[in-house]
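A.B. asks: Here's my sequence, what's the structure:
(2 chains)
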There are 2 protein chains.
Amino acid sequence: MGKRTYAIIGTGALGGFYGAKLQKAGNNVHFLLKSDYLQVKQHGLLIESKDGDFILPQVNAYNDAEKMPRCDVVVVALKTTQNHLLPQILPSVVKHDGVVLVLQNGIGIEAEISQIVSNTYILGGLCFLCSNKVSPGHIHHLDYGQIALGEYASNYLPTGITDRMREIAGDFQNAGISIELAEDLLLGRWKKLVWNIPYNGLSVILNATTDELMADIHTCQLVKQLMFEVAAGAKSTGRIIPDSFIQTMLDYTVKMTPYRTSMKIDFDECRPLEVEAIFGNSLNKAESAGVNLPQIRCLYQQLQFLNARIQNSVLT
Amino acid sequence: MGKRTYAIIGTGALGGFYGAKLQKAGNNVHFLLKSDYLQVKQHGLLIESKDGDFILPQVNAYNDAEKMPRCDVVVVALKTTQNHLLPQILPSVVKHDGVVLVLQNGIGIEAEISQIVSNTYILGGLCFLCSNKVSPGHIHHLDYGQIALGEYASNYLPTGITDRMREIAGDFQNAGISIELAEDLLLGRWKKLVWNIPYNGLSVILNATTDELMADIHTCQLVKQLMFEVAAGAKSTGRIIPDSFIQTMLDYTVKMTPYRTSMKIDFDECRPLEVEAIFGNSLNKAESAGVNLPQIRCLYQQLQFLNARIQNSVLT
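C.D. replies: Numbering: from 1, shown residues only, chains lettered A, B, ... in the order given. This is a model prediction of the structure:
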């Protein structure tokens, strides 16, 4: 396959960070931007990172997907709330027999993308990354960064570990990004939701940090119930999340530094919330298997109300 | 039985209003107060009401239940969050064979009171009242005021309409308060919860008025689901709330003037929320019959978190 070319769709806190790391390690990377295009085209990217700051004075920047070269690996690093743009972007950017790598939260996105592109492999990555965009072209990487990588097959049948996964993992690892290979992408996605659903949801609804949620006996119990509902959702699609995993997530969060979740940051900055990808799609998957997740639905409905309110406040 | 004497336990927006109306109509009424005692003892009560303002320059005011005469009817008009005080109050105030009339929100309070007093009849009243305390001894009655009155029997067996209910209803009606007699107190309480649980809960959690909750398709749907869970709770105790009643409540609320619920007012003023009486007791009743109400539980846990937060903010 030789040296792979990368396209980064969405050069924000996440795409900008991983893309810059890949370019710094010698890969050929192409960045799609919107509002930050001129700044990045002229001045490149500045990465402030706990692992060492660096500047890329020159990057391949584009404000139009049609102008990008076809790449071996197209990294989807938009917020899922922008995924309606993907049918206009992906088909012209990904090579025949190339890879779309979805670095987004939530569940079911790979299946949606499989409807947009053909003759393409789709991989999904679960990112554990704490990173902010400080200003156009300026990204602050605060903590973590590892990715759990899996491959998508029709109906989310587990693929095991494929050569493609190993090759792309190699590129990321050479760039200093820790990678774990997941034999079953869907199981990996459900496992990430065990954390994301209770903490993202309740942090927004109750205006709370993770430590506040864990310090109160009622919300601590609610978090746990929500985690068990995620496990019931996973089970409805044939994936088993053991109780011990839930206990590990609870223990881990209690020990964590007080944390403002990504959805809470979006909310505080009046950006659209990823309610559909994280909550709506989980509910749909479970419900199409005949399984009801009433407390996740309650959070979903509360979040949609709050999401509409902030979007209206931005418009008016 | 002759002319009945009344004790008002808790002379606030509700107890002050009904007590003043009863006294104005010629009944012998005794008011228990705490912080407003001196003001009311010296200057009486001022009722500003849409039905006509009036002043009672002189009322029987007490700051100690032990000093009150035993009365025929003891009206419990405290917030349920103060009910831990009732064992110290009720036994010395109610006459042998007298009546305790519980004018509180929630469910299960009459059963708790039956453990405190003996040789006493217990009635419950569901108040539809819009009233505020403006300042000590000054009450502003904005709207409504009717009471649905029922009698408590052990295990909430329906009593039908008793002579006691008719007599007390007569006193209230003579005082200009509209009364409806309920043959089944427990059914009446569940019916009131059909409204109180969704609107009180969500108005606090989402910082919303009733019209905002009904205008959003997601919260409108959540309100409806919560109403059906209340109906499932009622059914677990043998009471049937027809679907048509739920539809009536939804239609009624859509047509209502935008309304800030009583729990939202308590929240905004950093007063303890009646979470246990309204939510906790409903959950306990259903769960002791083996019925799970997951979305009501979700609201309960969220409200307990917010309740603890405002109580801590008051203390610090």
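
A.B. asks: Enumerate every residue touching the residue most central in space within chain A.
C.D. replies: In chain A, the centroid-proximal residue (C-alpha atoms, centre = their mean) is A:Q104; its distance is 2.2 Å. The contact partners of A:Q104, by C-beta atoms under 8 Å, 6 or more residues apart in numbering or on different chains, come to A:76-80, A:83, A:277. Heads up, the C-betas are built off the backbone N, CA and C, glycines and all.

A.B. asks: from these, which is closest to chain B?
C.D. replies: For the contacts of A:Q104, the closest approach to chain B (C-beta to the nearest C-beta) belongs to A:A277, at 16.0 Å.

A.B. asks: how would you label the closest one: helix, strand or coil?
C.D. replies: Following DSSP: H, G, I helix; E, B strand; the rest coil, the label given to A:A277 is helix.

A.B. asks: next one: A:I147
C.D. replies: A:I147 ends up strand, using three-state DSSP.

A.B. asks: That one: how many residues sit nearby?
C.D. replies: The number of residues packed near A:I147 is 24, by other C-beta atoms under 10 Å in any protein chain shown.

A.B. asks: follow-up on the earlier one: how far away is the residue nearest to the centre of chain A from chain B?
C.D. replies: According to C-beta to the nearest C-beta, to the nearest Å, A:Q104 and chain B sit 22 Å apart.

A.B. asks: For that residue, which three-state class applies?
C.D. replies: Secondary structure state of A:Q104, per three-state DSSP, is coil.

A.B. asks: Quick check: residues of the stretch 151-300 of chain A near chain B?
C.D. replies: Residues of the stretch 151-300 of chain A that fall close to chain B, judged by C-beta under 8 Å from any C-beta of the partner chain: A:202, A:205-206, A:208, A:213, A:216, A:218-219, A:221-222, A:225, A:294-295, A:297-300.

A.B. asks: ok, for A:K285, nearest residue in space, not its chain neighbours?
C.D. replies: Take A:K285 and drop its neighbours on the chain: the residue closest to it by C-beta to C-beta, 6 or more residues apart in numbering or on different chains is A:T237, 5.8 Å away.

A.B. asks: try A:K192
C.D. replies: Using C-beta to C-beta, 6+ apart and skipping the chain neighbours, the partner closest in space to A:K192 is A:L126 (4.7 Å).

A.B. asks: Cross-check the contact I'm expecting between the one you found and A:G188.
C.D. replies: Yes: counting by C-beta atoms under 8 Å, A:L126 touches A:G188, with 5.5 Å between them.

A.B. asks: Between the two, which contacts overlap?
C.D. replies: Counting by C-beta under 8 Å, 6+ apart, the contacts common to A:L126 and A:G188 are A:148, A:150, A:182.

A.B. asks: which among these gets closest to chain B?
C.D. replies: Closest approach to chain B among these (C-beta to the nearest C-beta): A:A148, at 29.2 Å.

A.B. asks: for chain A, which spans come out with low pLDDT?
C.D. replies: Where chain A drops to pLDDT under 70, the residues are A:1-2, A:315-316.

A.B. asks: Run through the strands of it in chain order.
C.D. replies: A:5-9, A:28-32, A:45-49, A:54-56, A:60-62, A:71-76, A:94-102, A:121-135, A:138-151, A:179-181 (DSSP state E).

A.B. asks: If we go by neighbour counts, what in the last one is buried?
C.D. replies: If I follow you right, that is strand A:179-181. A:179, A:181 (16 or more other C-beta atoms under 10 Å in any protein chain shown).

A.B. asks: Work out the sheet partners of it and label each with its direction, please.
C.D. replies: Strand pairing for strand A:179-181, determined by DSSP bridges: strand A:138-151 (parallel).

A.B. asks: Kindly report the same for the third one.
C.D. replies: Strand A:45-49 has these partner strands in its sheet, going by DSSP bridges: strand A:54-56 (antiparallel), strand A:138-151 (parallel).

A.B. asks: for those strands, which one ends up most surrounded?
C.D. replies: Among the strands paired with strand A:45-49, strand A:138-151 has the highest mean neighbour count (mean count of other C-beta atoms under 10 Å in any protein chain shown), at a mean of 20.

A.B. asks: Measure how it sits relative to strand A:94-102, angle-wise.
C.D. replies: In terms of direction (axes from the mean of the first three to the mean of the last three C-alpha atoms, to 10 degrees), strand A:138-151 departs from strand A:94-102 by 100 degrees.

A.B. asks: Reformat the shared contacts of A:L126 and A:G188 as CSV; add distance to B:I89.
C.D. replies: Below are the shared contacts of A:L126 and A:G188 laid out as CSV (distance: C-beta to C-beta, whole Å):
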residue, distance to B:I89
A:A148, 61
A:G150, 64
A:A182, 63
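
A.B. asks: ok, so of those, who is nearest B:Q58?
C.D. replies: If you rank the shared contacts of A:L126 and A:G188 by distance to B:Q58 using C-beta to C-beta, A:A148 comes first, at 76.2 Å.
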